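Q: got a sequence here, can you build the structure:
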Amino acid sequence: MVIRKKFRHLATTLAAAASFTVMAHAAQAQEYELSYGHMNSPTSVVGMQADWLAEEVAKNTNGAVKIDVYPSSQLGKIQELAEGVSMGSIALSHNTAGAISSLYEDFGVLDTPYLYRDYDHLMKVVDINSPVMADLNQGLIDNTGMRVLYAFYFGTRQLTANMAVKTPADLSGVKIRAIPSPVYLTAVEGLGAAPVPVDWSEVPTALATGIVQGQENPVNVAVDHKLYDVQTHMMLTGHISAAEIVVINEDLWQSFPQDIKDAINKAAETVRQKASKMILENEASDLQKLKDAGMTIIGPDDGLDVAAFRAGVEKLVHERFDEKYSKYFEEIAAVK
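A: The predicted structure is shown next:
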């Protein structure tokens, strides 16, 4: 990675000219300008947390580190963002563990369906200081040149479609969008559907044109992106509880003096807690917003056979991932 002194960072809507800029001034400390690209709406909690990080980092470093945030896939699609951080063309981004697994396969274990006992269990597992995350993070550094800065609760994924679904049989032959990664494709197939990999930036069009008949995401995503305009039903399958993973380029990280690292880590923990709690607390109200917008919500009380969906998903997960992930499954289960 090249560090250029006295270089003005020029952002375009297509790509960042460089992941970061270091500006040295006589008799002054170094200043850093970093690019943070992501795919989400800037008004979503997931999008806002990137802005919160920029604010907290600026405050903690007395302005020595400036983070420029580029939302809504301005710097690339979901996979391109991960690759950009790995290569150093983008300083930071956030992504699902499943998407990151295309660069380091082991990381996909964190998005395994029906993996976590509850919210607290998930948050302990994805804490960067947990044994599980420390192991995965070192592998990510060694294999991709990026590291996890922090991980926050992204929500519990539910199924949406333009039809009522109560059992896996109802999804037979139905094309459902899945994140283009093995664990998500497996989850959708296990639910009984035909998974179709589609990048998030193309999902609204895919739903509107019938390329797919449904998708799966946390309720906050359905609200933020107005999926009620193109989907009539949400099924509370709760098949994946997941964290969003914020990554930073490793060469960039190692270029920071310790006081800058400490300041960024402090900001990261503040934002991790704030975003996680907001998403958790908003889940009930977001569900009501979908109802108010005309979406039909189907849960266990309405005949949704969650046990059948879980059995179908877990069968495929064991068949496809036990050999690869059994060690991690045991370690995650042991986290108290």
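
Q: quick one: Ile240 is in a helix?
A: No: Ile240 is assigned strand when assessed by DSSP: H, G, I helix; E, B strand; the rest coil, not a helix.

Q: what are the neighbouring residues in contact with the residue lying closest to it once chain neighbours are set aside?
A: Leaving aside its sequence neighbours, Ile240 sits nearest to Arg157 (C-beta to C-beta, 6 or more residues apart in numbering; 4.3 Å). Placement of C-beta: from N, CA and C, glycine included. Shown in contact with Arg157 (C-beta atoms under 8 Å, 6 or more residues apart in numbering): 187, 216-218, 237-242.

Q: shaky segments in the stretch 1-150 of the chain?
A: Within the stretch 1-150 of the chain, the segments meeting pLDDT under 70 span 1-29.

Q: doesn't Leu236 make contact with Gly299?
A: Yes: if you go by C-beta atoms under 8 Å, Gly299 and Leu236 touch, sitting 4.2 Å apart.

Q: ok, these two, which is more surrounded?
A: Leu236 (18 against 15; other C-beta atoms under 10 Å).

Q: you'd agree the more buried one is in a strand?
A: Yes: according to three-state DSSP, Leu236 belongs to a strand.

Q: wait, what's in contact with it?
A: Contacts of Leu236 (C-beta under 8 Å, 6+ apart): 158, 297-300, 304, 306.

Q: which one of the residues you listed has the most neighbours?
A: Going by other C-beta under 10 Å, Gln158 tops the contacts of Leu236 with 25 neighbours.

Q: and that residue, what are its bridge partners?
A: Asn217 (DSSP bridges).

Q: go ahead and confirm it touches Asn217.
A: Yes: with contacts counted by C-beta under 8 Å, Gln158 reaches Asn217, the gap being 7.2 Å.

Q: what sits against Gly294?
A: Neighbours of Gly294 in contact, by C-beta under 8 Å, 6+ apart: 228, 232.

Q: what about 10 Å?
A: For Gly294, the contacting residues are 228-229, 232, by C-beta atoms under 10 Å, 6 or more residues apart in numbering.

Q: roughly how far does Lys166 sit from Gly294?
A: The gap separating Lys166 from Gly294 is 20 Å, by C-beta to C-beta, to the nearest Å.

Q: the strands in this protein, which residues?
A: Secondary structure of the chain (DSSP state E): strands located at 20-23, 31-37, 65-70, 92-96, 146-161, 175-178, 194-197, 214-218, 233-249, 296-298.

Q: now those as TSV including distance to Asp118?
A: Shown next, in TSV, are the strands of the chain (distance: least, C-beta to C-beta, whole Å):
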stretch	distance to Asp118
strand 20-23	38
strand 31-37	30
strand 65-70	31
strand 92-96	20
strand 146-161	10
strand 175-178	25
strand 194-197	27
strand 214-218	15
strand 233-249	8
strand 296-298	21
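
Q: among those, which is the most enclosed?
A: strand 92-96 (a mean of 28; mean count of other C-beta atoms under 10 Å).

Q: show me where the chain has its helices.
A: 45-60, 78-87, 97-100, 119-126, 131-144, 182-190, 203-209, 219-224, 250-255, 258-292, 306-334 (DSSP state H).

Q: how about Gly108, what does it touch?
A: 96-102, 136, 181-184, 186, 321, 324-325, 328.

Q: which among those count as buried?
A: Neighbour counting with 16 or more other C-beta atoms under 10 Å marks 96-102, 136, 181-184, 186, 321, 325, 328 as buried within the contacts of Gly108.

Q: which two among those residues are spaced furthest apart?
A: Leu136 and Thr186 (19.0 Å; C-beta to C-beta).

Q: domains of this protein?
A: For the chain, automatic domain parsing gives the domain ranges 20-154+242-282, 157-241+283-334.

Q: quote the end-to-end distance of the shortest one.
A: Right, the one you point to is domain 157-241+283-334. From its first residue to its last, domain 157-241+283-334 covers 24 Å (C-alpha to C-alpha, to the nearest Å).

Q: what's near enough to touch Ile245?
A: With contact set as C-beta under 10 Å, 6+ apart, Ile245 has these partners: 82, 93-100, 107, 110-111, 126, 133, 136-137, 140, 146, 148-152, 154.
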